[in-house]
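*Asks:* Any chance you can model this:
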Amino acid sequence: MCKMAAVMESGEDAFKQLFKFYKRRKPPPDFSEVVDFSGNLCADKVVPMKLNATAVPDAVTSRVGLRPVRDWRAFGLQGYPGFIFISNPFRRGSQRYWIRQCLKTYPQKPNICNLDMHMSPCDTQNIWERSVHSLRAPSPPRRQEKSLLERLRWVTLGYHYNWDTKVYSADHYTPFPVDLQSLSQQIASGCGFSDFKPQAGILNYYRTDSSLGIHVDESELDHNCPLLSFCFGQSSIFLLGGKRRQDPPTAMFMHSGDVMVMSGQSRLLYHAVPRIVPAPQELLTTELLTHPTPTEGQNPPETGSVLEPVSEQDWTVCLRYIQSSRINMTVRQVLGAGQSFPQS
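*Replies:* The predicted model follows:
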């Protein structure tokens, strides 16, 4: 019998039961049935996927820090048509740039973050500069007040998601980052969605005790467009369920650099993140903790690369942050071809 069967109790839907099971601290949950795309794969659940190696030229993927499409390790899941999991398609060392962007650049104005809800604009104008001193300093003997960066929970880009009304609107928009637009388009094109237009982004910042409740992403006006999700830093347990809240989910690990694409029938499935877990040390060491030189890793980025060098000073702060935190970026296309927002 599946170990998960022991978790099921009457009177509560299967998704909620598994969410509570993996969120549980005492006793700690058994992770033996969590799919790990970076390790041994369960043959009855995981389906290797062959992507179109010529969908994106190698020089184009290199400019955003990705390996050639032919080298991406892509998978699907039995029973989840349209779901694509890419196990870390990033070139060695290139995650540093995207982590720095998530912590230093994307939280800047005019983008919006959770701190804007209860602080004045002048206090949230430069979260990075107001946080680096405490994050560069050695750990204090006694706990001090968290820096603004450590208090960051979400940032919205492009069409800004309204957390109260659950909608996007034409008058609540700032320019979408060009570099993230390019990265997202290359991932989407590599998976067969060459017409994907990144228009909105939500960045979530997770501490070790954070979670994300059971939900469906349905606020976008066009659900035919895929949803892209990028993970950096610590790992997480991700639960992917069905179209009904009570459908039992599949649990999987998301590690730093992993990318998920939810398209087709999987686009409107219930999902959640019940737990942040320590990243496998070998993955962190290979990708983030060691600083590669051009002779150790890949060749230098192509001419026209969006990747800028990350200074050691900046990386010290980023590394201190991700050693106890996880960053997740979701990128969405809000409007389909020819669509516009309804008149208010």
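
*Asks:* CA only for contacts and neighbour counts going forward, please
*Replies:* Will do.

*Asks:* what about the helices in the chain?
*Replies:* Assigned helices in the chain, in chain order: 14-23, 58-63, 95-100, 132-136, 148-151, 178-190, 281-284, 312-322 (criterion: DSSP state H).

*Asks:* Worst mean pLDDT among these?
*Replies:* Lowest mean pLDDT within the helices of the chain: helix 281-284, at a mean of 79.

*Asks:* follow-up on the earlier one: switch the helices of the chain over to CSV, and while doing so, append mean neighbour count and distance to L157 to every line.
*Replies:* Shown next, in CSV, are the helices of the chain (neighbours: other C-alpha atoms under 10 Å; distance: least, C-alpha to C-alpha, whole Å):
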stretch, mean neighbour count, distance to L157
helix 14-23, 20, 28
helix 58-63, 21, 22
helix 95-100, 22, 15
helix 132-136, 17, 23
helix 148-151, 18, 17
helix 178-190, 20, 10
helix 281-284, 13, 27
helix 312-322, 17, 20
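
*Asks:* For L269, find the nearest of those.
*Replies:* Shortest distance between L269 and these, using C-alpha to C-alpha, is found for helix 14-23: 11.7 Å.

*Asks:* Show residues contacting the closest one.
*Replies:* 4, 7-9, 28-30, 211, 214, 237, 239, 241, 245-249, 272-275 (C-alpha atoms under 8 Å, 6 or more residues apart in numbering).

*Asks:* Now with 7 Å, please.
*Replies:* V7, M8, P29, R245, Q246, D247, P248, P249, P274, R275 (C-alpha atoms under 7 Å, 6 or more residues apart in numbering).

*Asks:* Next: stretch 25-44.
*Replies:* Against stretch 25-44 from outside (C-alpha under 7 Å, 6+ apart): F21, Y22, S87, A251, M252, F253.

*Asks:* so what's the fourth one bridging to?
*Replies:* On the basis of DSSP bridges, A251 is bridged to L239.

*Asks:* Surely it touches L239?
*Replies:* Yes. Using C-alpha atoms under 7 Å, A251 makes contact with L239 at a distance of 4.6 Å.

*Asks:* And the one helix or strand in the chain whose mean pLDDT sits lowest, how far out from the chain middle?
*Replies:* Here the helix or strand of the chain ranked lowest by mean pLDDT, DSSP states H and E is helix 281-284, holding a mean of 79. Distance, stretch centre to chain centre, for helix 281-284: 18 Å (C-alpha atoms, centre = their mean, to the nearest Å).

*Asks:* Kindly report the same for stretch 239-258.
*Replies:* 14 Å.

*Asks:* what does that stretch contact?
*Replies:* Contact with stretch 239-258 is made by 13-15, 34-36, 86-90, 95, 230-238, 268-273, 279, as judged by C-alpha under 7 Å, 6+ apart.

*Asks:* List the contacts of the least confident helix or strand of the chain.
*Replies:* Against helix 281-284 from outside (C-alpha under 7 Å, 6+ apart): no residues.

*Asks:* please renumber so the chain begins at 11
*Replies:* That works, and once the first residue is 11, the last one we named lands at helix 291-294.

*Asks:* on that earlier part again, derive a PyMOL selection command for the buried subset of the contacts of stretch 249-268.
*Replies:* To isolate the buried subset of these in PyMOL, counting by 16 or more other C-alpha atoms under 10 Å, use the following:
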select buried, resi 24+25+44+45+46+96+97+98+99+100+105+240+241+242+243+244+245+246+247+248+278+279+280+281+282+283+289
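
*Asks:* Give the burial count for G49, as a bare number.
*Replies:* 8 (other C-alpha atoms under 10 Å).

*Asks:* for the one 10 residues further on, same thing?
*Replies:* Residue neighbour count, defined by other C-alpha under 10 Å, stands at 16 for M59.

*Asks:* give me every residue that touches it.
*Replies:* Contact partners of M59, counting by C-alpha under 7 Å, 6+ apart, are A84, F85, G86.

*Asks:* Can you tell me how far it is from R83?
*Replies:* Distance, M59 to R83, by C-alpha to C-alpha, to the nearest Å: 8 Å.

*Asks:* One more: Q195?
*Replies:* For Q195 relative to R83 (C-alpha to C-alpha), the value is 18 Å.

*Asks:* Same check on R140?
*Replies:* As judged by C-alpha to C-alpha, R140 and R83 stand 39 Å apart.

*Asks:* These two: which is more packed in?
*Replies:* R83 (17 against 14).

*Asks:* For the protein, give me the ranges with low pLDDT.
*Replies:* The model of the chain has pLDDT under 70 over residues 11-22, 148-154, 299-313, 354.

*Asks:* at 50 what do you get?
*Replies:* 11, 20-21, 302-309 (pLDDT under 50).

*Asks:* Okay, strands next: where are they in it?
*Replies:* With DSSP state E as the criterion, the chain has strands at 56-59, 84-87, 93-96, 122-123, 164-168, 210-217, 222-225, 237-243, 245-250, 260-264, 269-272, 281-287, 335-342.

*Asks:* okay, now K176: neighbour count?
*Replies:* Neighbours of K176 (other C-alpha under 10 Å): 11.

*Asks:* Report the separation between it and P208.
*Replies:* For K176, the distance to P208 - C-alpha to C-alpha - is 19 Å.

*Asks:* same question, L238
*Replies:* In terms of C-alpha to C-alpha, L238 sits 9 Å off from P208.
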